[in-house]
Every structure is written in structure tokens, then in C-alpha cells.
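Trainee: Coordinates for the following, if possible.
(one chain, ligands or ions: 1)
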Amino acid sequence: MSEETQPETEEAAAGAEHSFRAEVNQVLDIVINSLYSHREIFLRELISNAADALDKLRFRAVTDEGLMEGEGELEIQLAPDREAKTLTVIDTGIGMTRDEVIENLGTIAHSGSRGFLEAMAGQGNAGSDVSGVDLIGQFGVGFYSAFLVADRVEVRTLAAGEGQTGWLWTSAAHGTFTVDEAPEWTTRGTEIRLHLKEEHHEFLDEWRIRELVRKYSDFVSWPILLEVTTEEGEGDDKKTVTKDETINTASALWRRPRSEIKDEEYLEFYRHVAHAPDEPMETLHFQIEGTTSYTGLLYVPKQAPWDLFERERRQGVRLYVKRVMIMEDCKDFVPDHLRFIRGVIDSDDLPLNVSRELLQEDRTVRTIRKTVVNKVLAAIEQMADKRKDDYAAFWGEFGRVLKEGLHTDFENKDRLANLVRWPSSTEQLTSLAEYVERMPEDQDAIYYAFGTNRDAVENSPHIEALKKRGTEVLYMTDPIDEWAVEGIREFEKKPLKSAMKADLDLSKEATDEEKAEKEANEERLEDLCERAKTILVDDIEEVRVSNRLTDSPCCLVVPEGGLHAHIERILRAQGQDMPKQKRILEINPDHPVVEKLHLMHAADSDGEEVGDWFRLLHDQALLAEGSPIADPATFARRMTTLMQRALE
Ligand code: ADP
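Mentor: Next comes the predicted model:
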């Protein structure tokens, strides 16, 4: 609900003044002061809102016929007034009650404004405002684009089925708006009257309005009428006649044959349904006739919407039934891991009064969903196959989402596993198939390691031996990767194996000599391992000789069934209650530090100093993998003492 302030002046008291919420002021400030070009999009936004209002009315009228009674056609009207310098957008749609006016035109859903402001900040400067303007629609702040061209806006509105008296909302955007009764407004629907700034009087010109509607709003399935004034007759009989003319095609784009639709029309429709500023990466248009008949016009966007990972996502695929819009964000036609898909599904078979609950159960919906998933995956596969650069960009935007399907979409698991990409020790980005193709014959697993970023994995001690042998290691930096790997488990009969887990066994690929050496080392260092375990008993499950290290003295590995440290950290940061996980410390038998400690231990098997060294090594292993150390002050003190001793 909006915060209302007490009117401060008599004048204000007469016109119930309200303050905009802080986030609206911020958005308005940007709209008015930072966006310079492409101001024309205000018309697209207002027409889009009008079309939505008509869609909503038609949908509500399915169950409440009374709502449509008595009023004129369902349409949008544009009325320029060249004398008053106003442009008015009128619709006969659902309208708004007083509360709705205050809520909808005085606040912004919190997440929307936050998204917009963050995205604007991400733009870096106000100079490159083209995309800023384009962002407006995406964040549910489209109405405020009216202030791109107007210094004062009046909204008159009457909600369908809510009596005879409408409401008047006015604002000049200086932090406040007023809401009063509007006895003169007695028809259902809404009019938005823009008092155009002097420098924007071009938007009163008939040709300019026609051009904008053709460019941005031709696909709107409601008629858009323009008040056209012509001179008729000759001489003394000459008179000015005002007529309404429909200036858009006014047909549902997706119902038209593909061959008749121009690329620009597909593009503009995408911008409309997806509220997106970019171009789509893929456009899928299909008309299916048979036992179930439906049309789909779906898009794979280029850029991820800002709320892709928000719990309260605003958009999805629109559901129409026989051209009547039923739901703006229908989640039932695309599974969660394809939730970036935008567009329209129009079914001939579903009942008009279908509810969300019914949809979940419905067989028709399941059939359509299957086709949709198939078609979308096929388009993505083709991109992966034929347009590698595009696919890499797509993967960067939506890879994380697609990976979710490895666990949830059992039917398509193999297709998804083929689509997954990771960076690796030898490649910028690789598929599992490409990895397997590069594998030497005697390698029988696909190796991977985790870290916060590419550098962290690359320098991780765990993969030293693998790297030295020239074995390719996949680098996993995304929290969902642990899950994704578990979903895949094996690819082309090759298991996926973590280079950071205790069960990493490189012996198969080792020579007899290497094997014998390993055994000898284990025997030689058995005592030292036992000692280290006693010292670190609170943190460590076991200490053992490593075969994965070459340059580092030690590292921590994950016991079977345990979580990678990187994932454990993320889950903790998210507030999940995790029991302490003891890991295994592996020591490098060939490292001089280990050698020295071995000698030290042999000389004095209870000596304090060995204890200090092992605690230091343990902390250092934590730091090397990017984990926090439990007691940094003690770590520093211990380090200083040992340094002092070394220097003496
Ligand atoms: P969005 O349309 O993305 O939600 P807007 O800022 O464009 O964001 O509009 C805010 C809200 O105001 C809309 O969601 C709608 O509820 C209401 N609204 C705007 N224009 C109209 C209209 N012409 N008729 C009815 N409601 C409208």
C-alpha cells in the first residue's frame, strides 16, 4: 500500500494529495533527467497497458457477462488535441478502482523498481540511454514513461462493474499525485491524457502517430483508432470532419501464416510479450492441427531477464484460448529449466474459464507442453551444432537454468547432458562429447574440480598431478554444478569424477614404478600421518599420502558422499544449517616440507613444533582452496613464531 501524507495546503486538501513512494520518485527522476533518445516508446507502453486492460476485461467477462454490458466496442483510441497540446490514449478495458489507481500509479512492485534501478546503474552512464529507455517496459514501470514527453499527466478511469463515477489521477511528477472523484468520467475504461512538453509536440502529428503505431504496436490484437481530421467539401460548404480510423492490422500475429509475417513484426511482438529490450536469439512459430489444435509463437531471448532467479518471477508464456488472453504468465507449458522462454500459446481446445489448478491436471496441457519442450530443445540443439558463438552466448545467459533440468527432466536428461558446457584446463568452453573425443585411450573418467572462479580452480593443488600428466579437467564454478554432475553421473559410459574427492584413483593410469613408489611412501610416512591425525583430530577425518599433488605440500579432499568445500560455503552463506564436515588431509610425499617434518617427527615423536607446523599446513590448505580459516589471529601468531625460528 502507498504511504499517504497529510495534505499541507488548502489547495492540496481539495485534491487529495499523495506522495509517490520513494522508488517511484527514483524511477521518475531517471525517466525525466537521464533518458534522452527514443522517447517515442512511451506510446508503445501506454498502448500495451491499454491492450492488457482490454485482455483482462474480456477474460473476466467469460465468467461475469455483466461486465461488458452497455458500453461500446473493445478498442483503443488515440486522440491528439492540437490546440490543447494533449495526446490522449483511451481504452474501454477493465479500468481501475480508487485503490487500484493509488496502488498501480503510485507505487512499483518492489522487485521491479529495484531491478530497474540496478540495471540503470549497470548501464554506467546516462549518455547511453537507449537501452535505459528499453528497460522501462521490462521492469513494470512502463506507465511512468509518459513523463518522457509530458510534464503533466491526467488519468481518468472507471473499473468495470464498479458503478458510474470514475476517478481522476493527476501528477506533474514532482513527488506527488492527486486522486479525486471524476463525475465527468462515466464510461468503463481508462484515458491517459498527456500534456506534452513544448519540444515534443511532434507527437500530435497524425503521420508521426501512424508511424509509431505501425512500428511498435501493429500486432496489438485490438483495433487502435486514430481521430483523423479532414477538410471536406468546397468553398462555403467546406467543413472540418473528424473521423476515427483504424491504424493497425489488429489481428493476432501468431494466427497469421508464417510466410506473411515480416521479421520486424516478429521482433516487435517479442518486445511486447517479453517486455524485452533485445532481439530474440530464436523465434519458433508453429501451428498444430489434429486431436489437439494450438498455435505457439515462442522466443528464446538473447539476454536473461533480471528476475530469472527471483522466486517471484513476473513473466512466462502467455496463454490464450481461441484468441482470448487467459493468463499472462502461464507456468504449465514450459518446465522450470526452460523458464526463459517467452511468447504465446493459443489453444483451441481448453475451456475459456480454465483455472490454474485445472491446467496442472489437463491432458491437453501435457500434450502441448511435450511439443513445446521438444521444439525448444531442438532449436537450442541446432544452435549448439551450427552457431557455436551464439550458443556460447546463450549458454552464458541461460546455462545455469538449463542445468536444473538434469535433475528434473528425466525424459530429456541425455539431450540436456549434450547441451551442457564447461570451461576446462585446455578449452575456453567444452561439451562433454568434445571432452570424451579428446581423451587418451587409457583415460577412463571425465575429471572435474570446483572453485569460486576459473583462476581458483586452475591453481587448486588438487589438480596438480592431473595437469602434469596433461589430463583435461573441467572447471566448475557454478553452485549448481555439483548438482548437475550428480544428475549426469556418466557420459558415453565414462564416469564423471571429482579431482577433489577422496576416491580419486589415478593408479590405473600409473606405471608399475609409480605404484611401487606410492606403496613405499605410504609405509615410510605412516607414522607421520598418524601423528598429524592426532594433532588435527578436531578438523580432520584422516591424514594420508597423496598422489594428486606435485608442487603443494598438502590439500584437503572430500570424503565419499561429502560436499565440495565451495558448495558447503555457499550453502552456509545462504543460511543453511550444516553440520561440520570433516575432510581428509592429503600430504605430498615428495615435498621438502613434508620431508623435513618427517625428520623432525622421527627425532622427537612428541615435539611441539611438529604440531605447530601441521596446524599451519592445515590452515594453509584451507586458504589455498578459498575456505575461511577458523582462527586467523592464531594462524598469524603461529606463522610469526615459525618464521622467527626459521630466521634464527
Ligand atoms: P506494468 O504494466 O508492467 O505492470 P505499468 O507501470 O505500465 O507496469 O503499469 C502499472 C499498472 O497500472 C499496471 O499493471 C495496471 O494494473 C495499471 N494500468 C496501467 N495502465 C492501465 C490501463 N490503461 N487500464 C487499466 N490498468 C492500467
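Trainee: And the residue of the chain most remote from its centre, how far from the ligand?
Mentor: The centre of the chain is farthest from one residue, D236, which by C-alpha atoms, centre = their mean lies 64.4 Å away. Here the criterion is C-beta to the nearest ligand atom, to the nearest Å. By it, D236 lies 43 Å from the ligand. Heads up, the C-betas are built off the backbone N, CA and C, glycines and all.
Trainee: What are the neighbouring residues in contact with the residue nearest in space to the middle of the chain?
Mentor: Note on the chain: the residue nearest the mean C-alpha position is L308, at 2.3 Å, using C-alpha atoms, centre = their mean. For L308, the contacting residues are R339, F340, F398, V401, by C-beta atoms under 8 Å, 6 or more residues apart in numbering.
Trainee: Wait, the first one touches V401, no?
Mentor: Okay, so that is R339. Yes: counting by C-beta atoms under 8 Å, R339 does reach V401; the two are 6.4 Å apart.
Trainee: The two: who's more crowded?
Mentor: The neighbour comparison of R339 against V401 (other C-beta atoms under 10 Å) goes to R339, with 20 against 17.
Trainee: can you pull the pLDDT of the more buried one?
Mentor: Looking at R339, its pLDDT reads 93.
Trainee: Ramachandran angles for it?
Mentor: phi -70, psi 0 (degrees, to the nearest 10).
Trainee: In contact with it, which residues?
Mentor: By C-beta under 8 Å, 6+ apart, R339 lies in contact with L308, R313, G316, K331, V401.
Trainee: now these in JSON lines, with distance to the ligand?
Mentor: Converted to JSON lines, those look like this (distance: C-beta to the nearest ligand atom, whole Å):
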{"residue": "L308", "distance to the ligand": "17"}
{"residue": "R313", "distance to the ligand": "14"}
{"residue": "G316", "distance to the ligand": "14"}
{"residue": "K331", "distance to the ligand": "18"}
{"residue": "V401", "distance to the ligand": "23"}
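Trainee: that older thread, can you list the contacts of L308 in JSON lines and add distance to E232 and secondary structure?
Mentor: Formatted as JSON lines, the contacts of L308 follow (distance: C-beta to C-beta, whole Å; DSSP: H, G, I helix; E, B strand; the rest coil):
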{"residue": "R339", "distance to E232": "55", "secondary structure": "coil"}
{"residue": "F340", "distance to E232": "53", "secondary structure": "coil"}
{"residue": "F398", "distance to E232": "57", "secondary structure": "helix"}
{"residue": "V401", "distance to E232": "59", "secondary structure": "helix"}
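Trainee: Tell me which two in those are the farthest apart.
Mentor: With distances taken as C-beta to C-beta, the most widely separated pair in the contacts of L308 is R339 and F398, at 9.2 Å.
Trainee: Include pLDDT when you put the contacts of R339 into a markdown table, please.
Mentor: Output for those, formatted as a markdown table (pLDDT from 0 to 100):
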| residue | pLDDT |
| --- | --- |
| L308 | 82 |
| R313 | 69 |
| G316 | 83 |
| K331 | 85 |
| V401 | 94 |
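Trainee: Which members of those residues are positioned in strands?
Mentor: When DSSP state E defines the strands, the subset of those inside them is empty.
Trainee: picking up where we left off before, pick the one among the contacts of L308 closest to V213.
Mentor: Looking across those and measuring by C-beta to C-beta, the closest to V213 is F340, at 29.2 Å.
Trainee: How about the contacts made by the closest residue to the closest one other than its chain neighbours?
Mentor: Leaving out its chain neighbours, the residue that sits closest to F340 by C-beta to C-beta, 6 or more residues apart in numbering is F398, at 5.1 Å. Residues near F398 by C-beta under 8 Å, 6+ apart: V300, A304, L308, F340.
Trainee: Any quick ChimeraX command for the buried ones out of these?
Mentor: To isolate the buried subset of the contacts of F398 in ChimeraX, counting by 16 or more other C-beta atoms under 10 Å, use the following:
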select :300,340
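Trainee: on that earlier part again, any idea how far T242 is from the residue farthest from the centre of the chain?
Mentor: Separation of D236 from T242 (C-beta to C-beta, to the nearest Å) stands at 20 Å.
Trainee: Which residue does the stretch 351-500 of the chain have closest to the ligand?
Mentor: Residue nearest to the ligand within the stretch 351-500 of the chain: R356 (18.9 Å; C-beta to the nearest ligand atom).
Trainee: ok now do that residue, which residues does it touch?
Mentor: R356 makes contact with M327, D332, according to C-beta under 8 Å, 6+ apart.
Trainee: hmm, 6 Å instead?
Mentor: Shown in contact with R356 (C-beta atoms under 6 Å, 6 or more residues apart in numbering): no residues.
Trainee: And for E492?
Mentor: E492 makes contacts with V436, as judged by C-beta under 6 Å, 6+ apart.
Trainee: Quick check: phi and psi at it.
Mentor: phi 50, psi 50.
Trainee: Need the per-residue pLDDT for it.
Mentor: Looking at E492, the pLDDT reads 95.
Trainee: Report the separation between it and D444.
Mentor: E492 is 11 Å from D444, by C-beta to C-beta.
Trainee: before we move on, what about K596?
Mentor: According to C-beta to C-beta, K596 stands 37 Å off from D444.
Trainee: what do you get for T364?
Mentor: 47 Å.
Trainee: again with T295
Mentor: For T295, the distance to D444 equals 49 Å [C-beta to C-beta].
Trainee: more crowded one of those two?
Mentor: T295 (20 against 13).
Trainee: hang on, the more buried one in a helix?
Mentor: No: applying DSSP: H, G, I helix; E, B strand; the rest coil, one finds T295 to be strand, outside a helix.
Trainee: where does the chain come near the ligand, residue by residue?
Mentor: Selection of the chain residues close to the ligand by C-beta under 6 Å from any ligand atom yields 45, 49-50, 53, 91, 93-96, 104-105, 140-144, 190.
Trainee: 8 Å instead, please
Mentor: 45-46, 48-50, 52-53, 56, 89, 91, 93-96, 100, 104-105, 108-109, 112, 137, 139-145, 155, 157, 189-190, 192, 275, 314 (C-beta under 8 Å from any ligand atom).
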